[in-house]
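1. below are the sequence and a predicted model for it; my questions follow.
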Amino acid sequence: MKRIDLHVHTTASDGTCSPAEVVRLAKEKGLSAIAITDHDTIAGYAEAAAEGERLGLEVVPGMEISTRYLGPVHILGYYLDTKSPVLNEVTDWLVQDRDKRNRKMAKLMQDDGLPVDYDAMRERFGAVIGRPHFAEVLVELGLAENVQDAFARFVERGQRYYAARNFLPIERSIRLIREAGGVPVMAHPFQYKLQDAQLRELLDLCVKNGLMGMECRYSGYTEEQVQYLLALAKEYSLLPTGGSDFHGSVKPHIALGDGTGGLFVPYRFLNGVKAAAGIEMERE
Ligand code: AMP
Ligand code: FE
Ligand code: FE
Ligand code: ZN
């Protein structure tokens, strides 16, 4: 059965593999398709698509937007029109807002005497810098054992170097993806630690605003959890999707395609998304 991964980060945001590297890795692993879903940007897609063309691997354009509902909620968007003016206006705003937040975080570190130069980070990591990059820098400076440790002690909410950024309202995120011709999907529903009733309330709100899918197969989710999500997706007439949330070496426990082990996302999930986006389907 053809196998895919619809949740992948690259160096265009906070992943550590370039878009071309991710495509090569997917090819080596025998995946049939991957979606590039960087935070707040579609900038990695062009390079990945070119490499996919060269190697014969299907690459799907995507993006992940952070929103809030009680706590963080992430919305994935697939097959967005990369030239959509409204999409580009919003992603520019998101990246600028991130940049302001990042400068605050860098300043907090500098005030503690740490040699953190944000402009140098921009040179090194590109336009979309996230807390994982700061975590990496803190590890290099010897302040933390690894990225997880740096998060827990320095950059998680409530920790010394955390600064908040702004978020698009959840309704706006979903509508934006639809306006840009894309398919909005709720990412990793169990990461939000919501009770069943709360998750249902969230789904009601999202569906009302145009949500079309839900990520049912995800790194670390047990088969029981997956079955619960698949049933919920069916109930809400949402397309099931799945992916690893691969980030490369900043999240070394997550492998492309396999997640934390045993992840299997069937190609038919992508056919569902394609049908919703009005794109021609391939044989499974
Ligand atoms: P940002 O969007 O820059 O605030 O950073 C959020 C990103 O950091 C998330 O999308 C994850 O990729 C990553 N992240 C959040 N919490 C942790 C954690 N505890 N350990 C490792 N990575 C994390
Ligand atoms: Fe991330
Ligand atoms: Fe996410
Ligand atoms: Zn992600």
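-> Okay, I see it. Ligands and ions are numbered 1, 2, ... in the order given.

2. show me what the closest residue to ligand 3 within the stretch 1-150 of the chain is bridged to.
-> At 3.7 Å from ligand 3, H74 is the closest residue in the stretch 1-150 of the chain, using CB to the ion. C-beta here means a position set from N, CA and C on the backbone, and glycine is covered the same way. Per DSSP bridges, the residues bridged to H74 are S66.

3. how is this structure carved up into domains?
-> Domain ranges of the chain: 4-82+169-277, 91-155, per automatic domain parsing.

4. in CSV: these, plus mean pLDDT, mean neighbour count and distance to Y161.
-> Converted to CSV, those look like this (pLDDT from 0 to 100; neighbours: other CB atoms under 10 Å; distance: least, CB to CB, whole Å):
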stretch, mean pLDDT, mean neighbour count, distance to Y161
domain 4-82+169-277, 97, 20, 16
domain 91-155, 97, 17, 5
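
5. with respect to ligand 4, which of these lies nearest?
-> domain 4-82+169-277 (4.4 Å).

6. nearest to A163, of the domains of the chain?
-> domain 91-155 (4.0 Å; CB to CB).

7. mind telling me what element the residue lying closest to D117 once chain neighbours are set aside is part of?
-> Excluding the flanking residues, the one nearest D117 by CB to CB, 6 or more residues apart in numbering is A106, at 7.6 Å. When elements are assigned from DSSP states H and E, A106 belongs to helix 85-111.

8. now for that helix, which elements pack on it?
-> On a contact count with 3 or more CB pairs under 8 Å, 6 or more residues apart in numbering; DSSP states H and E, helix 85-111 meets helix 118-125, helix 131-140, helix 170-179.

9. so how far is the shortest one off the chain centroid?
-> The chain centroid and the centroid of helix 118-125 are separated by 21 Å, computed with CA atoms, centre = their mean, to the nearest Å.

10. SS state for R68?
-> strand (DSSP: H, G, I helix; E, B strand; the rest coil).

11. wait, what's in contact with the closest residue to it other than its chain neighbours?
-> Nearest non-adjacent residue to R68, counting by CB to CB, 6+ apart: F167, 5.1 Å away. Taking CB atoms under 8 Å, 6 or more residues apart in numbering as the contact definition, F167 lies against S66, T67, R68.

12. ok, those vs G248, which is closest?
-> S66 (19.3 Å).

13. what does this structure put close to ligand 3?
-> Selection of the chain residues close to ligand 3 by CB under 5 Å from the ion yields H74, A187.

14. in the chain, which residue sits furthest out from the middle?
-> In the chain, G113 marks the outermost C-alpha relative to the chain mean, sitting 32.6 Å out by CA atoms, centre = their mean.

15. next one: phi and psi at it?
-> G113 adopts backbone torsions of phi 90, psi 10, taken as degrees, to the nearest 10.

16. can you show me the helices along this structure?
-> Along the chain, the segments classed as helices by DSSP state H run 19-28, 45-55, 85-111, 118-125, 131-140, 147-150, 170-179, 196-208, 223-235, 267-277.

17. possible to save those helices as JSON lines with distance to Y162?
-> Conversion of the helices of the chain to JSON lines gives the following (distance: least, CB to CB, whole Å):
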{"stretch": "helix 19-28", "distance to Y162": "28"}
{"stretch": "helix 45-55", "distance to Y162": "30"}
{"stretch": "helix 85-111", "distance to Y162": "7"}
{"stretch": "helix 118-125", "distance to Y162": "16"}
{"stretch": "helix 131-140", "distance to Y162": "8"}
{"stretch": "helix 147-150", "distance to Y162": "11"}
{"stretch": "helix 170-179", "distance to Y162": "22"}
{"stretch": "helix 196-208", "distance to Y162": "25"}
{"stretch": "helix 223-235", "distance to Y162": "29"}
{"stretch": "helix 267-277", "distance to Y162": "34"}
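
18. let me have those in TSV, extended by distance to ligand 1.
-> Converted to TSV, the helices of the chain look like this (distance: least, CB to the nearest ligand atom, whole Å):
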stretch	distance to ligand 1
helix 19-28	15
helix 45-55	18
helix 85-111	7
helix 118-125	11
helix 131-140	4
helix 147-150	5
helix 170-179	14
helix 196-208	18
helix 223-235	20
helix 267-277	21
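
19. next up, phi/psi of the closest residue to T11 other than its chain neighbours, please.
-> Closest residue to T11 apart from its sequence neighbours, by CB to CB, 6+ apart: S18 at 5.0 Å. Main-chain dihedrals, S18, degrees, to the nearest 10: phi -70, psi 160.
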